[in-house]
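Engineer: any chance you can model this:
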Amino acid sequence: MNIRPMHICEAEYASELIMAAFFHTVAQTLPRHGIESFRDVVAADSLRQYQKNGALLLVAEQDHQVIGVGSIREGRHIGLLFVEPQFQRKGVGQALIKALLDHREADTVTVMASVPSIPAYEQYGFHITGKLEECAGIISQPMQREFQS
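Structural biologist: Down below sits the predicted model:
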């Protein structure tokens, strides 16, 4: 498996991958308007803009096929972490999170985790920092991980 920066021309595929993983694991926990809000957030144009605004988007690829996407913004906030359904629970998410954290620029890294992803983030060393939040129908759990300077 190879982890590398996403090429801007891969935004369409990355968006499709994210939505496939989202429908496999998260969508059933959200109301309809939350699903539509999320679709807007991860549309190809939104991913391109996110990247142009300075977020680092990484992809995991195996045999020249992109199988996972992750992002870190401002070196301190994990914005996305999604793996193709057939590659979940095979270390892809763990490899992506390690690579994202290698790019951190702060002693505290945050994430707004989907409810189904909370146990995975706990395994990655994150802990819950507040109550569940809802914004535009998207329900998420604030979490963070601290690092030594």
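Engineer: who's residue 66 bridged to?
Structural biologist: residue 61 (DSSP bridges).
Engineer: so who does it touch?
Structural biologist: Applying CB atoms under 8 Å, 6 or more residues apart in numbering, one finds that residue 66 lies in contact with 10, 13-14, 17, 59-60. Glycine gets a C-beta too; all of them are placed from N, C-alpha and C.
Engineer: out of these, which comes closest to residue 97?
Structural biologist: residue 60 (10.5 Å; CB to CB).
Engineer: just the element for the nearest residue to that closest one once chain neighbours are set aside, please.
Structural biologist: Sequence neighbours aside, residue 68 is the residue nearest to residue 60 in space, at 3.7 Å (criterion: CB to CB, 6 or more residues apart in numbering). Taking DSSP states H and E as the definition, residue 68 sits inside strand 65-73.
Engineer: state the mean pLDDT of that strand.
Structural biologist: Within the predicted structure, the mean pLDDT of strand 65-73 is 96.
Engineer: so in that sheet, which strands flank whatever helix or strand comes next after it, and in what orientation?
Structural biologist: Following strand 65-73 in sequence order, the next helix or strand is strand 77-83 (DSSP H and E). Using DSSP bridges, strand 77-83 pairs in its sheet with strand 65-73 (antiparallel), strand 108-113 (parallel).
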